[in-house]
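Engineer: I'd like to go over a predicted model; first the sequence, then the structure.
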Amino acid sequence: MDLIEKIESGNAVQAVVGLGYVGLPLAVEFATAGIQTAGIDISENKIAQINKGKSYVRDVPDENLKKVVDNGKLKVSSDFSILKDADTVNIAVPTPLRKTKDPDISYIVAAMDEIRKYFHPQMVLILESTTYPGTTEEVILPMLSADGMKVGEDFYLAFSPERVDPGNKDYNTSNIPKVVGGVTGKCTELAASIYRRAGMNPVPVSSSRVAETVKLLENTFRSVNIGLVNEIALMCSRMGINVWEVIDAAKTKPFGFMPFYPGPGLGGHCIPIDPFYLSWKAKQSGFNSEFIELAGRVNGDMPSHVVTLVTDALNRARKCVNGSKILIMGVSYKKDIDDTRESPAFDIIQLLSMKGAQVCYHDDNIEDLDEGLNVERFDYSAEKLREVDCAIIVTGHGGVDYELLVRNCPLIFDSRNTLKNFESENIIRL
């Protein structure tokens with residue numbers, strides 16, 4: 001049985017390296033489709049939780065995880081040697097930015113150093129970690145070719161960008177189309193067959209470079225448009241115009257307009273990071289991506305703008321930021337999730353703390369805020385809200401009693417238009 005027959009028949013053993021927000025849902029999806037799946041992560045804590053059927057990723061219900069663990073379709077380990085029996089490997093490890101805004105692909109390289117020890121002929125490797133165009137061919141291909149094997153004949157290499165949207169109830173790993181680009185045509189064919197066998201919808205493209213750029217375009221599109229609407233919000237603030245009313249009216253146009261919304265800054269594992277991967281690579285080719293850089297500056301300045309507006313509002317109330325008790329409402333990077341990566345809440349907290357504010361937070365999804373910040377969890381009650389000088393809604397949450405907030409908190413800064421249905425003199429909007 002050749003490799004493609006093995007994959008299409010469901011007899012191939014598929015491995016996923018990196019069991020985080022991307023890798024665990026992918027591994028569970030493979031296993032749920034009846035495919036023997038091996039999961040690898042260097043965190044012994046994650047391995048222990050998975051083996052108990054306990055999911056640490058909200059988009060993967062415990063019952064779904066427990067089912068594939070109990071029936072043996074998903075086996076996990078921190079030992080890369082389980083790759084000896086694998087036919088395919090998907091890499092889903094983090095790709096953060098360095099402090100200099102340069103790409104950090106050290107997790108990919110570290111994973112590849114281990115994978116190489118057990119990589120064997122007629123194996124498919126697919127990189128899913130977001131990265132700059134050329135990573136698959138310029139970094140991974142030489143590592144796998146070093147032993148004399150030829151891509152497209154002895155092994156197969158492709159890139160398929162992750163498209164995870166934590167907390168999205170409509171779109172998940174199973175129904176989001178998978179862009180797939182191989183180093184050769186055969187690589188693309190085999191990689192696409194892996195996702196198709198798992199019930200996903202592969203979208204083949206001509207090369208791994210195209211696939212890598214697709215992901216960066218998707219998130220740069222959002223970053224640039226959010227940067228534009230944030231700048232419009234700053235402009236409207238100066239002119240005394242309600243930017244939310246402007247957007248609501250503009251989006252009634254049935255063509256040529258797509259609504260984006262301002263906010264306190266960008267958060268998450270993609271939008272604040274991915275555009276810099278693209279601009280960094282562009283600079284290597286002698287091209288300056290001015291839109292991307294400008295959007296990054298505008299979006300990066302929003303936490304400071306929020307703090308300035310809050311400071312001005314406190315001054316009008318004859319209060320000083322220094323010594324004021326300020327409540328941060330929502331520290332996850334978006335509504336109703338437990339993910340705080342790159343959350344603008346942290347920048348706002350740091351800026352307020354530097355000004356001497358006593359900062360506390362409330363977020364039903366975040367039990368402990370272990371970010372090196374001197375911030376206590378807030379006991380959300382009418383009595384406690386009356387002790388607060390100002391509340392800042394950084395991220396709205398469905399389970400919060402906002403009527404209680406409006407009735408009892410003397411000053412509220414709403415950066416997300418969460419309180420659009422409330423009319424009160426104590427509400428200040430972005």
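Structural biologist: Arrived safely, thanks for sending.
Engineer: so which residue is dead centre in this protein?
Structural biologist: His269 (3.0 Å; CA atoms, centre = their mean).
Engineer: what's the closest non-adjacent residue to it?
Structural biologist: By the measure of CB to CB, 6 or more residues apart in numbering, the closest residue to His269 outside its immediate chain neighbours is Arg341, 5.0 Å from it. From N, CA and C alone the C-beta is placed, and that goes for glycine too.
Engineer: contacting residues for the one you found?
Structural biologist: Arg341 is in contact with Gly267, Gly268, His269, Tyr333, counting by CB atoms under 8 Å, 6 or more residues apart in numbering.
Engineer: which helix or strand contains Pro204?
Structural biologist: strand 202-205 (DSSP states H and E).
Engineer: parallel or antiparallel, list what pairs with that strand.
Structural biologist: strand 178-182 (parallel) (DSSP bridges).
Engineer: average pLDDT for the strand it pairs with?
Structural biologist: When pLDDT is averaged along strand 178-182, the result is 98.
Engineer: with stretch 205-220 instead?
Structural biologist: On average, stretch 205-220 scores 97.
Engineer: stretch 343-362 too?
Structural biologist: Rounded mean pLDDT across stretch 343-362 is 95.
Engineer: next one: stretch 83-94
Structural biologist: Here stretch 83-94 scores 97 as its mean pLDDT.
Engineer: how about it: buried residues?
Structural biologist: Leu83, Ala86, Asp87, Thr88, Val89, Asn90, Ile91, Ala92, Val93, Pro94 (16 or more other CB atoms under 10 Å).
Engineer: now the fourth one, nearest residue through space, not along the chain?
Structural biologist: The reference is to Thr88. Closest to Thr88 by CB to CB, 6+ apart is Val124, at 4.3 Å.
Engineer: quick revisit: so which pair among the buried residues of stretch 83-94 is furthest apart in space?
Structural biologist: By the measure CB to CB, Asp87 and Pro94 form the most distant pair in those, at 25.2 Å.
Engineer: for the chain, which helix is longest?
Structural biologist: Identified as the longest helix of the chain according to DSSP state H is helix 208-239.
Engineer: any regions of the stretch 251-400 of the chain where pLDDT drops low?
Structural biologist: For the stretch 251-400 of the chain, the stretches flagged by pLDDT under 70 are 370-372.
Engineer: follow-up on the earlier one: surely the residue nearest to Thr88 and Val13 touch.
Structural biologist: No: applying CB atoms under 8 Å, one finds Val124 not in contact with Val13, separated by 11.1 Å.
Engineer: about what we covered before: quick check, nearest of the contacts of Arg341 to Ile42?
Structural biologist: Distance to Ile42, by CB to CB, is smallest for His269 among the contacts of Arg341, at 18.1 Å.
Engineer: tell me if I'm right that the closest one and Tyr21 touch.
Structural biologist: Yes: with contact defined as CB under 8 Å, His269 and Tyr21 form a contacting pair (7.0 Å).
Engineer: what touches both of these two?
Structural biologist: Contacts common to His269 and Tyr21, judged by CB under 8 Å, 6+ apart, are Asp339.
Engineer: all helices of the stretch 251-400 of the chain, in order?
Structural biologist: For the stretch 251-400 of the chain, the helices defined by DSSP state H, counting those that start in this stretch cover 274-284, 290-316, 344-354, 382-385.
Engineer: including distance to Glu153, could the ones you listed go into TSV?
Structural biologist: Formatted as TSV, the helices of the stretch 251-400 of the chain follow (distance: least, CB to CB, whole Å):
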stretch	distance to Glu153
helix 274-284	29
helix 290-316	38
helix 344-354	48
helix 382-385	67
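Engineer: export those helices as JSON lines, with columns for mean neighbour count and distance to Asn225.
Structural biologist: Formatted as JSON lines, the helices of the stretch 251-400 of the chain follow (neighbours: other CB atoms under 10 Å; distance: least, CB to CB, whole Å):
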{"stretch": "helix 274-284", "mean neighbour count": "21", "distance to Asn225": "11"}
{"stretch": "helix 290-316", "mean neighbour count": "18", "distance to Asn225": "8"}
{"stretch": "helix 344-354", "mean neighbour count": "21", "distance to Asn225": "17"}
{"stretch": "helix 382-385", "mean neighbour count": "14", "distance to Asn225": "35"}
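Engineer: select, out of those, the one closest to Ile194.
Structural biologist: Here helix 274-284 is closest among those (CB to CB), at 23.9 Å.
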